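Give me the fold of what follows.
(2 chains)
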Amino acid sequence: MGNVEQTYSVLVNETSCEVTCDPETPLLWVLRDSLGLIGTRFGCGAGTCGACTVHLDGIPVHSCDTPMWSVGTKRVTTIEGMSLGDEPHPVQKELIDCQAGQCGYCLSGIIMRAAPLVDAARAGGAMLDRESVCTALDGNLCRCGVHNRIIDAVVKASNP
Amino acid sequence: MNAPANLSPSLTANPLLSDWIRFTDDEAVEALTGKSELGQGISTALTLVVARGLGLNPAQVRMVAPTTVISPDEGFTAGSLSVQHSGSALAQVCDRVRELFLTEARQHMGSDQVQLVNGEFTDGARTLTYWDMALNVDLDVATADLTGGVTPASETTDLPRIDLADKILGRPRYLQDLRFPSQSFGRVIRPPFRGATIDQVDVAITSAHLGVQSVVIDGSFAGVVADSEIHAIEAAEILAQAITWTGTSDALSHADLVEFVVTAPTVDAPLMEKATTDNATAENSDHTLSARYSRPFIAHGSIGTSTAIAQWRGDELTVWSHTQGVYPLRTDLARALNHDIESITVHHVEGAGCYGHNPADDAAYDAVLLARSVPGSPVLVSWTREDELGWGPFGPAMVVDLAASFTADGKITSWDWNGYGNGHSSRPSTLSSPSLLAFGDQADGIPIPPSNDPPLVTGGGTARNGRPLYDIETITGSIHRLDVMPIRASALRSLGAHLNVFALESHIDDIAHQLDVDPLTYRLSQLSDPRGIAVLEKVAVMSDWGNRLSGESAGRGLGFARYKNSGAWCAVVADITAEETVRVDRLWIAVDVGAVITRDGVLNQIEGGAIQSVSWTLKEEVRFADGRVTSSDWETYPIIRFSEVPHIQIEIIDHPDQPSLGSGECSMGPTAAALGNALFDAIGVRVRNLPLSPANIVTAMDE
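Down below sits the predicted model:
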């Protein structure tokens, strides 16, 4: 930190935004602080809990250790961008349906991690199984112990 | 909850109907509670209690988050008592409110035939709503005579969590998301080790950073306030580099913990107010069994870090916190600031998951100190992950010594329990001086005194579940509460019950093994409590106990307890595989929580408690040396992951005619015990020191 601030033009949830910050500033804080997209959570700041997961060009990354200089022209998608047009993502719908949450703090990161997997399964016509969901979510921590409900919801969401 | 109920203790402290229920102009019911939504779903359960009590649709009920402005003072949201206390209070209040409105409606219509139907009072021709009569019915009346039965106006229905959809859809809901006009952001720098004080600090270099509004140095408390969260984080990094520290640290290390806990100075008290003794026959016993059990300090490990907002306007202080108790926090803020308590307001706002006394209150005081430097501005302070895992209160390390005598036919003639460790509560307002972390760092502050234990009558702390529920002739024991606190200790979900149930159920299993009796058969033969027997028999059926499969490294174990000996009954069967590490394959859980309010809420709490207990019991240990916690990130303090979570099946034995009991903590101890017993079944070695890690298993094998 302590470098000269720079101005970046970023595409977030299909909207072009301009932000001014230190190049090393993590994307997480640009989203929460500069852009007011508070659905992305701070959990650890070290990419070890998954709470801050967002998509860059559709690929899940930890926004807490993604510096702004590295974002470039990649499309950023956050949890707010998952329910554009008022229609929640199938993962979100199933999480609500399964009541798969207690405190819920880990869920936006889990949704962002699971969504591409679910989208691919639905497109390919093959449902996910428990094991592949667990493998995909192993970098996402949940402290309340809601894992089984989350796994069930993600598996259900993958049913085309 | 149509049980014969005694007056809820919450009603003794907050006796007016209007302390709990208000009818608003927009045709809603505001329900007040002192209990905080911690992620456990209490606001949903209480919504349902009120809707049932008044015969209304849950959508018409608005729970008001606890606030010192209008909420009833119900102390802490702790001990699985929210349904027992706040739920029964609201049920009793709603019962009376409904009666008063029914009386008013009958008088108004001049008919004894008026009934409450679908939320409206009707004589068949005319209807009146609660809101039509709200001005005529005085709710500023005391509830002291509300000791009779409670009859809900409508039946139990499950209600989806009222807060969950927002959290899943990424809408603002958490304290971390709360924004005000002209808001500032703060960060605090903690010392490099316990006992360190600031030697020198270069304030100017921090003040010069972009957006910095103030730098606060008070004794060894150091923090910054900036115009944005990004700038606050940057400035905190600069400030951390600008401070040099001095002092000496305590040399205690986690490696020496058991020795420390049993030799440190203690304050002693008996296990029970009155010893259970009927004709001690210990001398006639054929066998004795003595063993020592231990657990390390355990971290709360919430996925979000502690956060608060504070704002000073003149002498008026307002705080937004995810505290477990808005009133106790206010008390300690007033004590620490030497400030008029009536000038302080504390509002509860939901945060990340709370499993006991975490740093939420500490963050509140941090925000208060920082906000004082920018009068008028609300200042949001969030902790770092390292501080959350390094500086918050931990669930205390404990040692339990058990000595049992039993006859050849299995009768336990004596049971002696000695529990050692720090007390399980250093909650705000309960100690001789404030227990807010920064207060100990301030120039004129006082270090946090050693923690205490809740009284035995409310379940105790170190001694929680120290007394077995089995039929034992003589039970003796002493609590040895540490009078020093090198590592900060306070309440963590289930308090002493985690280790006590692990220890006593391990001991019971060892006795059964010595007698060559099946562990389930043995427990049933030593238990007369019918609801205890029922959960054991239920879990035996669920798991097909008698028909167990055992592979080479597979094991099956049983754990049972009635939480606090006065709460919910819970029995757990665990199937594990013990290879390089212990893998939990499956858990079966049978519970009796009395009358069920929200079935789905109970299932979620029981399962969550069991999974958290698997994590504590297999993996978790706070590590420290030279005054510094070294397990301060998720790599050095690993918790359970998705791939490690067992399949879980739960059955609830519902007793609609019995009082409701809390479900948040009852599965912790029995799960831990079932794992230890399954491990013994798998490898034939009794591991008595938690966690059941490869290192502790190897040590036990070598003994």
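
okay, CA-based contacts and neighbour counts for the rest of this
Fine.

Would you verify that residue B:651 is located in a strand?
Yes: counting by DSSP: H, G, I helix; E, B strand; the rest coil, residue B:651 is located in a strand.

Hmm, residue B:587 and it touching each other?
No: in this structure residue B:651 lies outside contact range of residue B:587 using Cα atoms under 8 Å: 11.4 Å.

more neighbours, those two?
With neighbours defined as other Cα atoms under 10 Å in any protein chain shown, residue B:651 and residue B:587 compare such that residue B:587 has more, 27 against 16.

can you pull the contacts of the more buried one?
B:572, B:573, B:574, B:575, B:646, B:647, B:648, B:649 (Cα atoms under 8 Å, 6 or more residues apart in numbering or on different chains).

after the helix or strand hosting it, next one along is what?
For residue B:587, the enclosing helix or strand under DSSP states H and E is strand B:582-592. Moving toward the C-terminus from strand B:582-592, the next helix or strand (DSSP H and E) is helix B:599-619.

Do that next one and chain A come into contact?
Yes: applying Cα under 8 Å from any Cα of the partner chain, one finds helix B:599-619 touching chain A at B:604, B:607, B:608, B:609, B:610, B:611, B:612.

Check the spacing between the closest residue to chain A within the stretch 451-600 of chain B and residue B:338 real quick.
Using Cα to the nearest Cα, the closest approach of the stretch 451-600 of chain B to chain A is made by residue B:600 at 8.4 Å. Separation of residue B:600 from residue B:338 (Cα to Cα, to the nearest Å): 45 Å.

Which strand or helix spans residue A:143?
Using DSSP H and E, no helix or strand contains residue A:143.

Could you verify my assumption that it touches residue B:303?
Yes: contact criterion Cα under 8 Å: residue A:143 and residue B:303 qualify, at 6.4 Å.

what do those two both touch?
residue B:353.

list the contacts for residue B:591?
Counted by Cα under 8 Å, 6+ apart, residue B:591 has contacts B:535, B:568, B:569, B:570, B:571, B:650, B:651, B:652, B:653.

domain assignment for chain B?
When chain B is parsed with automatic domain parsing, its domains come out as B:9-160, B:175-247+B:306-382, B:264-297+B:394-424+B:460-702.

So which residues on the stretch 51-200 of chain B come close to chain A?
B:160, B:161, B:164, B:165, B:167, B:168, B:169, B:170, B:171, B:172, B:177.

Let's verify the nearest residue to the fourth one once chain neighbours are set aside: helix, strand, or coil?
Meaning residue B:165. In this structure, residue B:165 finds its nearest non-sequential neighbour in residue A:96, 6.0 Å apart by Cα to Cα, 6 or more residues apart in numbering or on different chains. What three-state DSSP gives for residue A:96 is helix.

Could you give the number of residues near residue A:96?
21.

Next one: it relative to residue B:565, how far apart?
Distance, residue A:96 to residue B:565, using Cα to Cα: 35 Å.

Residue 69: what's it in contact with?
Picking chain A for this. When contacts are counted by Cα under 8 Å, 6+ apart, residue A:69 is found next to A:23, A:24.

look at chain B instead
Residue B:69 neighbours (Cα under 8 Å, 6+ apart): B:345, B:346.

wait, is it part of a strand?
No: assessed with three-state DSSP, residue B:69 is coil; it does not lie in a strand.

Sheet-wise, list the partners of the strand holding residue B:587 with their directions.
With DSSP bridges as the test, strand B:582-592 is paired with strand B:569-578 (antiparallel), strand B:647-652 (parallel).

Can you lay out the ones you listed as CSV showing mean pLDDT?
As requested, these are exported to CSV (pLDDT from 0 to 100):
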stretch, mean pLDDT
strand B:569-578, 97
strand B:647-652, 98
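
Deepest in the core, which of these is it.
Of those, the one with the most neighbours on average (mean count of other Cα atoms under 10 Å in any protein chain shown) is strand B:569-578, at a mean of 28.

helix or strand for residue B:345, which one?
Here residue B:345 is assigned to strand B:344-348, by DSSP H and E.

List the neighbours of that strand that are in contact with it.
Residues outside strand B:344-348 that contact it (Cα under 8 Å, 6+ apart): B:36, B:65-69, B:316-323, B:326-327, B:329-330, B:334.

How many residues are close by residue A:80?
Around residue A:80 there are 18 other residues, counting by other Cα under 10 Å.

in chain B, what spans have low per-residue confidence?
For chain B, the stretches with pLDDT under 70 are B:1-5, B:144-157, B:273-283, B:549-550.

Strands of chain A, start to end?
A:6-12, A:15-21, A:53-56, A:59-62, A:75-77 (DSSP state E).

Let me fix that, I meant to ask about the stretch 251-400 of chain B.
Counting by DSSP state E, counting those that start in this stretch, one finds strands in the stretch 251-400 of chain B at the ranges B:266-270, B:276-277, B:287-295, B:307-313, B:316-321, B:344-348, B:379-382, B:398-406.

tell me the most buried of those?
Counting by mean count of other Cα under 10 Å, strand B:379-382 has the highest mean neighbour count of the strands of the stretch 251-400 of chain B, with a mean of 31.

Pull the distance from that strand to the chain's centre.
Relative to the centre of its chain, strand B:379-382 is centred 24 Å away, using Cα atoms, centre = their mean, to the nearest Å.

re earlier: which of the residues of helix B:599-619 next to chain A tops the neighbour count?
When neighbours are taken as other Cα under 10 Å, the top entry among the residues of helix B:599-619 next to chain A is residue B:611 (30 neighbours).

Without its sequence neighbours, what residue ends up closest to that one?
Spatial nearest neighbour of residue B:611, chain neighbours left out: residue A:145 (5.1 Å); criterion: Cα to Cα, 6+ apart.

Next, the contact list for the nearest residue to residue B:591 once chain neighbours are set aside, please.
Nearest non-adjacent residue to residue B:591, counting by Cα to Cα, 6+ apart: residue B:570, 4.4 Å away. By Cα under 8 Å, 6+ apart, the contact set of residue B:570 is B:532, B:535-536, B:560-563, B:589-592, B:666-667, B:670.

residues near residue B:658, how many?
For residue B:658, the neighbour count with other Cα under 10 Å is 16.

Quick check: which element contains residue B:236?
Using DSSP H and E, residue B:236 falls within helix B:229-241.

ok, and for the helix or strand that comes right after that helix, which residues are buried?
Per DSSP H and E, helix B:229-241 leads on to strand B:243-246 as the next helix or strand towards the C-terminus. Residues residue B:243 are the ones in strand B:243-246 that count as buried (16 or more other Cα atoms under 10 Å in any protein chain shown).

Show residues contacting strand B:243-246.
If you take Cα under 8 Å, 6+ apart as the criterion, strand B:243-246 is touched by B:191, B:192, B:196, B:197, B:198, B:199, B:200, B:201, B:202.
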